[in-house]
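> Let me see the structure of the following:
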Amino acid sequence: FEAFVDDGCSGTTRTALSNTTNCNGNYYLTWQKDDAISITDGTNAAIYKTAECGTNVKFEKESGSISNTAAMYKAFYPSYLTPQNMELPVIQEYVENGVKDFPMYAESCNTTLQFKNLCGILRVSLKNLDADNSASIKNITVMADGKGLSGKFTIGECGAAVTCGTGTATLNCASPVILNSCSATDFNIILPKGEYCGMKLKITTEDGKVINLKAQGAINIRRSGITKVNIALKSATFSGGLEDITITESDVEFNER
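Model (predicted):
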């Protein structure tokens, strides 16, 4: 199978975001070595893996067996996603300057698969303005009143994942990430497409301090897009006081709750 990734919209790679943009002004989308996808022919399923890097690569069978003359193939990335297991994880893994396992889907009547992103990204950009008060981030949890950010999903008409329930999404840092006082650190959280009212952030530091924030307006997450949240932390923030947060491309602010 030959697999492409959609490079027509802002998006992300498997584990890193490119430092430059393509001719459309969007981030490059590339497969990484050892990426694995699941493919079904409607009856049987198989796992395919690539040894290449790039926007279009060859995938070779790793396990399972499917027909080479099927009328339709359905494929998912990462490979744990299948038609029988369409579920966005509650816990995501922090990757510096990128994401891990950004979910994608493809349908094809031949062995050329054109993958499209199922979700978007909330980029929480944190900066510690207090050089005398170090801060290390352990995890960030996102909650949205009445809408699920994880769990079982279907694929909507626009190709985006549509979740049910009220599941949260948590970005976990295997090693606490130390914030810089000179420049911001990005934390990319994979979320389903949607307009979220009352979105909440719970930021937990290595030493157990918790910062709770709530948006005062709707935040729009686009399929294959990035919505950025800029947060400037001060010493007052760690002792209970909270700074306002401005959302890119909107006037929505996060306030203490």
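> Extract the CA atoms of stretch 181-192 and return them as PDB.
C-alpha atoms of stretch 181-192 as PDB (Å, rounded to 0.1, in the frame of the first residue of the first chain):
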ATOM      1  CA  SER A 181      11.100  32.700  31.600                       C
ATOM      2  CA  CYS A 182      12.300  34.000  28.200                       C
ATOM      3  CA  SER A 183      10.200  32.000  25.800                       C
ATOM      4  CA  ALA A 184       7.000  30.000  25.800                       C
ATOM      5  CA  THR A 185       6.800  26.200  25.700                       C
ATOM      6  CA  ASP A 186       4.100  24.600  23.600                       C
ATOM      7  CA  PHE A 187       1.900  21.700  24.800                       C
ATOM      8  CA  ASN A 188      -0.100  20.300  21.900                       C
ATOM      9  CA  ILE A 189      -3.400  18.500  22.900                       C
ATOM     10  CA  ILE A 190      -5.300  16.500  20.300                       C
ATOM     11  CA  LEU A 191      -9.100  17.300  20.400                       C
ATOM     12  CA  PRO A 192     -12.100  16.600  18.300                       C
END
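> With adjacent residues omitted, what lies nearest to residue 137?
residue 177 (4.7 Å; C-beta to C-beta, 6 or more residues apart in numbering). Where C-beta positions appear, they are placed from N, C-alpha and C, glycine not excepted.
> what's the spacing between the one you found and residue 112?
39 Å (C-beta to C-beta, to the nearest Å).
> quick one: which of these two has more around it?
residue 177 (20 against 13; other C-beta atoms under 10 Å).
> Can you pull the phi and psi angles for that one?
phi -100, psi 120 (degrees, to the nearest 10).
> what about it, distance to residue 51?
31 Å.
> pLDDT weak spots in the stretch 151-257 of the chain?
235-257 (pLDDT under 70).
> can you pull out the strands in it?
151-155, 161-163, 169-178, 185-191, 194-196, 199-205, 210-215, 219-221, 226-233, 245-247, 253-256 (DSSP state E, counting those that start in this stretch).
> Which strands and helices lie in contact with the second one?
Right, the one you point to is strand 161-163. strand 151-155 (3 or more C-beta pairs under 8 Å, 6 or more residues apart in numbering; DSSP states H and E).
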